[in-house]
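Undergrad: Next input, structure requested:
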Amino acid sequence: MRLLVSDLAALMCSDATLLLGDAAPAPDLALPLWRAVPLGEDWLLRPEGSQAGAGLALAAAPAGVLGVLSASPPPWLAAWPAEPPPVFADVAALAAVLAAMMLHGRRRQAALREALVALRLEHEDSRLAIARWMRSAGQGWPQPPRLVHAETPADGPPLRQGRSRLRRVLPAEVGEVAALALHLAEADCGPGSALRLRLLGEESRIVLGAWLVPGEALRRGWLALDLPMPVAPRRETAVVEIDVDLAQGDVLALGDSPALRLNKTEGMGRFTQAAYWDGLALGLSLPPGGVWLGLPAHLWAGVPRRLVLAPGETREVRLPAVPVLGLDRLMARLRLLGGAAMQAALHGPETATGWRDFAPDGTLEMALPLPVTAPAVMPLTLTLRQLGPAACGVEWQALAGMRAA
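TA: This next block holds a predicted model:
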């Protein structure tokens with residue numbers, strides 16, 4: 001018995017296949033019908049009405065065969081690779097098997113409905129239990145957290161101007177963390193600077209706590225940060241990521257290795273009004289660092305990607321809502337379609353590339369760094385200006401985002 005490779009999945013995945021004998025007419029049934037046809041000294045099993053071919057040996061019998069519709073046992077049953085299926089002389093003899101299958105399916109459907117109802121009841125019981133627990137836990141004063149990890153502050157050089165990232169993997173699980181603190185060895189910052197801190201699970205890269213602290217709130221010493229409620233029990237390693245945007249003239253030093261303290265509570269019974277809390281980032285699964293990510297195609301709806309500029313003309317192309325949550329930079333790729341004297345600039349809230357010239361081959365890639373304070377969704381504007389004496393065409397080919405490694 002042989003079978004075409006292209007038919008293997010259809011035969012093995014069907015749960016109600018009817019095989020037809022050589023001379024048996026194809027019945028008008030909503031079932032997969034297969035027929036065995038001679039192939040030299042062997043037999044080829046194929047769907048009714050399909051083309052024949054060489055095929056491969058059928059090493060195992062399919063599990064979903066109802067039987068064989070044939071006036072007498074066909075000779076190819078001797079080559080069946082398992083116990084032969086039953087033989088039905090006509091469709092009437094097959095009716096009892098089909099009725100039994102239907103009844104079994106109905107019973108199975110009823111059992112699944114009962115299981116679904118039980119699951120919904122269990123879910124409702126769990127929801128009510130959680131609600132009762134939160135009401136009772138919230139009636140008392142917040143429990144004082146216990147210190148589970150502490151590091152000794154050390155001096156170190158101040159951070160450079162612009163964007164910096166530091167990452168610490170802590171020797172503690174992230175579950176039940178209720179508060180943490182970061183030591184600032186030196187801090188003299190104004191409103192142009194900002195510090196973003198995220199608490200992650202190392203294995204899942206999911207943000208479990210996030211804070212955005214303005215520069216004027218940074219003071220020398222321990223910066224204490226609370227969670228609104230403790231992290232749910234998770235067997236993941238705690239990771240702290242620190243991102244700093246430092247304005248010109250501001251000073252911030254975290255030491256050679258940022259010193260951190262980690263606090264937990266027993267029983268999750270601690271609810272606080274957390275300062276500097278960045279709720280939009282909570283639950284975000286951070287993308288892998290150093291990988292360019294394509295942005296949704298709907299960003300370009302109604303936006304022209306190919307333009308022709310007259311001599312001396314300046315034009316803007318605006319994307320009103322670009323999702324940048326979890327990203328550190330954007331990259332735009334442009335290509336000239338004619339002419340050469342053109343410049344481009346990309347800018348968003350609190351960030352810009354400045355004017356850039358196209359390469360000799362007519363391409364331009366512009367990287368736009370995103371500030372720590374960038375919103376989850378922000379507008380992005382591409383500005384083009386034509387400097388030559390003739391019209392010039394340009395195409396905005398792609399836009400991608402990346403999280404720094």
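Undergrad: drop to CA atoms for contacts and neighbour counts, all remaining ones
TA: Fine.
Undergrad: Without its sequence neighbours, what residue ends up closest to the spatially most central residue of the chain?
TA: When Cα atoms, centre = their mean is applied to the chain, the residue found nearest the centroid is Ser285 (7.0 Å). Excluding the flanking residues, the one nearest Ser285 by Cα to Cα, 6 or more residues apart in numbering is Ile206, at 4.3 Å.
Undergrad: per-domain residue ranges of this protein.
TA: 2-89, 146-281, 292-402 (automatic domain parsing).
Undergrad: Just the mean pLDDT for the lengthiest helix in the chain, thanks.
TA: The longest helix of the chain (DSSP state H) is helix 91-137. The pLDDT scores in helix 91-137 average 83.
Undergrad: The following helix or strand past it pairs with which strands, parallel or anti?
TA: Remark: after helix 91-137, the chain's next helix or strand is strand 146-150, criterion DSSP states H and E. Here strand 146-150 is paired, per DSSP bridges, with strand 260-264 (antiparallel).
Undergrad: Ala297: how many residues sit nearby?
TA: 9 (other Cα atoms under 10 Å).
Undergrad: now swap in the one 3 residues further on and tell me
TA: The number of residues packed around Trp300, counting by other Cα under 10 Å, is 12.
Undergrad: And the one 5 residues further on, by the same measure?
TA: Counted with other Cα under 10 Å, the neighbours of Arg305 add up to 13.
Undergrad: With Pro311 instead?
TA: By other Cα under 10 Å, the residues close to Pro311 number 16.
Undergrad: Identify the residues contacting it.
TA: Gln386, Leu387, Gly388, Pro389, Ala390, Ala391, Cys392 (Cα atoms under 8 Å, 6 or more residues apart in numbering).
Undergrad: can we see that at 10 Å?
TA: Ala341, Met342, Arg385, Gln386, Leu387, Gly388, Pro389, Ala390, Ala391, Cys392 (Cα atoms under 10 Å, 6 or more residues apart in numbering).
Undergrad: Now a PyMOL select for only the buried ones of the residues you listed.
TA: Per 16 or more other Cα atoms under 10 Å, the buried members of the contacts of Pro311 correspond to this PyMOL selection:
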select buried, resi 341+342+385+386+387+391+392
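Undergrad: who touches stretch 109-126?
TA: By Cα under 10 Å, 6+ apart, stretch 109-126 touches Leu103, His104, Gly105, Arg106, Arg107, Arg108, Arg127, Leu128, Ala129, Ile130, Ala131, Arg132.
Undergrad: if we take those residues, which one ends up nearest to Ala154?
TA: Ile130 (42.9 Å; Cα to Cα).
Undergrad: The spatially closest residue to Leu295 that is not a sequence neighbour in helix, strand or coil?
TA: Closest residue to Leu295 in three dimensions, ignoring its sequence neighbours and counting by Cα to Cα, 6+ apart: Ala400, at 5.7 Å. Using DSSP: H, G, I helix; E, B strand; the rest coil, the structure places Ala400 in strand.
Undergrad: Could you verify my assumption that Ala400 touches Arg329?
TA: Yes: look at Ala400 against Arg329 with Cα atoms under 10 Å: they come within range, at 8.6 Å.
Undergrad: quick one, what contacts Glu313?
TA: Residues in contact with Glu313 (Cα under 10 Å, 6+ apart) are Met342, Leu384, Arg385, Gln386, Leu387, Gly388, Ala391, Cys392.
Undergrad: Show me which of the residues you listed has the smallest pLDDT value.
TA: Ranking the contacts of Glu313 by pLDDT, Gly388 lands last with 84.
Undergrad: I'd like the distance between that one and Leu197.
TA: Relative to Leu197, Gly388 is positioned 47 Å away (Cα to Cα, to the nearest Å).
Undergrad: Ok, Gly162 next?
TA: From Gly162 across to Leu197, the span is 16 Å (Cα to Cα).
Undergrad: neighbour count winner among those two?
TA: The neighbour comparison of Gly162 against Leu197 (other Cα under 10 Å) goes to Leu197, with 24 against 12.
Undergrad: That one is in contact with Glu241, isn't it?
TA: Yes: using Cα under 10 Å, Leu197 is in contact with Glu241, at 5.7 Å.
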